[in-house]
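> Following is a predicted model, sequence given first.
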Amino acid sequence: MLAFAQALALLVVLTAGARAEPLRFLDCGSKDGNIQEVNVTPCPTQPCQLHKGGSYSINVTFSSKIESKGSKAKVYGEMLHVDIPFPIPEPDGCKSGIQCPIETGHSYSYLNKLPIKSEYPSIKLIVKWVLLDDQEDMLFCWKIPVQITS
């Protein structure tokens, strides 16, 4: 019985350690939605350390102020106030955890991956993540500082 209790305690500790903590983020113009929470996993501290060759889970909880048939994500690396497009595996928000059509007043969890290619330079920059509605207006826009490392 003692071994079971120890195993259970270890499982609780490991599960707690694996939970994503909400990030501090800058809202950069969410017009048609309200961001409730942004999580990047793993990112135990900020700025997030993004390791080359790694992939990071993105989870954004937001509510919509509008109706939209679809949504499309755009991601940028911002350096010296210039947005450089950053490719993501799935730009279609309706294939990224959002049940479309999007309805006014409903809450959604947007889920995606951020792969960090080996050829990216080791650099500090701002990640800017935008989700556009079917009118090309921002459902959400957030920014966080990151450090790409080897």
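Arrived safely.
> who does the spatially most central residue of the chain bridge with?
Central residue of the chain (C-alpha atoms, centre = their mean): I58, 3.0 Å from the mean position. For I58, the beta-bridge partners under DSSP bridges are V40, N112.
> ok, it - contacts?
Each residue near I58 by C-beta atoms under 8 Å, 6 or more residues apart in numbering is listed here: 38-40, 110-114, 129. In short, each C-beta sits where N, CA and C put it, glycine included.
> Can you show me the helices along the protein?
Taking DSSP state H to define them, one finds helices in the chain at 2-18.
> can you redo the contacts of I58 as a markdown table with neighbour count and distance to S71?
As requested, the contacts of I58 are exported to a markdown table (neighbours: other C-beta atoms under 10 Å; distance: C-beta to C-beta, whole Å):
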| residue | neighbour count | distance to S71 |
| --- | --- | --- |
| V38 | 23 | 16 |
| N39 | 18 | 19 |
| V40 | 23 | 19 |
| Y110 | 22 | 8 |
| L111 | 16 | 13 |
| N112 | 22 | 11 |
| K113 | 12 | 17 |
| L114 | 20 | 17 |
| W129 | 24 | 12 |
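> what stretches of this structure score poorly on pLDDT?
Residues of the chain that meet the criterion pLDDT under 70 lie in 1-21.
> what do you get if the cut-off is 90, keeping everything else the same?
1-23, 81, 87 (pLDDT under 90).
> quick one, strands of it?
Secondary structure of the chain (DSSP state E): strands at 26-27, 33-41, 48-51, 55-64, 71-79, 82-85, 107-115, 123-133, 138-149.
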